[in-house]
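Visitor: Let me see the structure of the following:
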Amino acid sequence: MSASGGVGVIGVIAALMAALPHSGAFNIHPAPYRVLTHSGSSSFGHQVLRLQDDRLLVGAPVGPGGRLFSCHVEHGDCREVELDANVTRTNLGMALTHWGRDVIACGPGWSRPCDRNVQTSGICVLIGQELRPIRSLQPGYQGCQRGLVDLVFLFDGSSSMSPAQFGAIRDFMVDVMEKLENSSIRFAAVQFSSDIQPCFSLADYAAWPRPRDLLKGLMQLGGLTDTFTAIKYVVHQTFSEAAGSRPGARRVLIIVTDGDATDSDTGGVRDAEERDVIRYVIGIGHNFNSPDTARLLEPIRLGRRIRAGAGRIRAPPGAVPRAPGQDLRHRRHE
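Guide: I've put the predicted structure just below:
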């Protein structure tokens, strides 16, 4: 650039500066910042809400529990807001907001037992100007919906069952009932072979829910395997209000057997369908590998209400299965 050109640019800049209004320069001196901390909570500061009088409401929703702190900005001190002990276990302080002159603090972790499960929902606390809880709020609260279930074990006690298999069935029933003893499930047990032997009813279990006592002295019946006759008995007798069945309860029938039935269906399966009895079959022994056995069991376990197929419990070593398709009406039982 030429010298004359440079002088011209400088002149233009000088003219513009002269035309601008005069202003004074100043320096910015910010006030010292304040760090607010609390050693007792790693989540301190997850949510912050400004209050009156230079105060802050600080949420610490995670470990231990849910806590709120009132912090004075000028002094730099924080004190914990006193809350109900049950509320502090709900991750309170996950959300903070104003409600007029008051404050609402919320947390999502309100857990409570419900029929052997844990039900979780949110809970909020309305806090007044003096930072004292006014009342709890329960948005979207849903009470414990207990699913009533009447469950009947119909188990095989025919002569084709080995003593080890029969003992395994008893242990299985006891284990299931003990694990679900604090639930809304009510149990009953019926042994079948050529005969039918009710072990205990739904009402018996409701009066004394001690499965080991209820099955004490259980002996194997022996005989044939009249499965369909037993199903009809359970549908009409065991699942009756007189025997302790509850109106509105879901009815579940668990059939434990080692294979082929020795009788024919005379309407028991149809009656189970009409009464919405959900049926499961648990097979014991090697006979369940037979296509013929699977075909014969289809009417028992299938239907519009069925939600599961047949299961299998392995037979103990040395158990002798029945021959597939064998007509047990003509078999000698010892």
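
Visitor: got a list of what the closest residue to residue 233 other than its chain neighbours touches?
Guide: Nearest non-adjacent residue to residue 233, counting by Cβ to Cβ, 6 or more residues apart in numbering: residue 196, 5.1 Å away. For glycine as for every other residue, the C-beta is placed from the backbone atoms N, C-alpha and C. Residue 196 makes contact with 190, 226, 229, 230, 233 under the criterion Cβ atoms under 8 Å, 6 or more residues apart in numbering.

Visitor: In helices, which of those appear?
Guide: Counting by DSSP state H, the contacts of residue 196 place 229, 230, 233 in helices.

Visitor: Distance of the residue nearest to residue 233 relative to residue 264?
Guide: According to Cβ to Cβ, to the nearest Å, residue 196 and residue 264 sit 16 Å apart.

Visitor: so where do the helices sit in the chain?
Guide: Using DSSP H, helices in the chain cover 3-19, 163-179, 202-207, 211-214, 227-233, 268-274, 291-301.

Visitor: now what about the shortest one, what contacts it?
Guide: Residues from elsewhere that reach helix 211-214, judged by Cβ under 8 Å, 6+ apart: 173, 174, 177, 178, 187, 189, 199, 200, 204, 205, 208.

Visitor: Dump these to JSON lines, plus pLDDT.
Guide: Shown next, in JSON lines, are the contacts of helix 211-214 (pLDDT from 0 to 100):
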{"residue": "173", "pLDDT": "96"}
{"residue": "174", "pLDDT": "96"}
{"residue": "177", "pLDDT": "95"}
{"residue": "178", "pLDDT": "93"}
{"residue": "187", "pLDDT": "98"}
{"residue": "189", "pLDDT": "98"}
{"residue": "199", "pLDDT": "97"}
{"residue": "200", "pLDDT": "98"}
{"residue": "204", "pLDDT": "97"}
{"residue": "205", "pLDDT": "97"}
{"residue": "208", "pLDDT": "95"}
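
Visitor: Tell me the one of those nearest residue 66?
Guide: Closest approach between the contacts of helix 211-214 and residue 66, by Cβ to Cβ: residue 178, at 35.7 Å.
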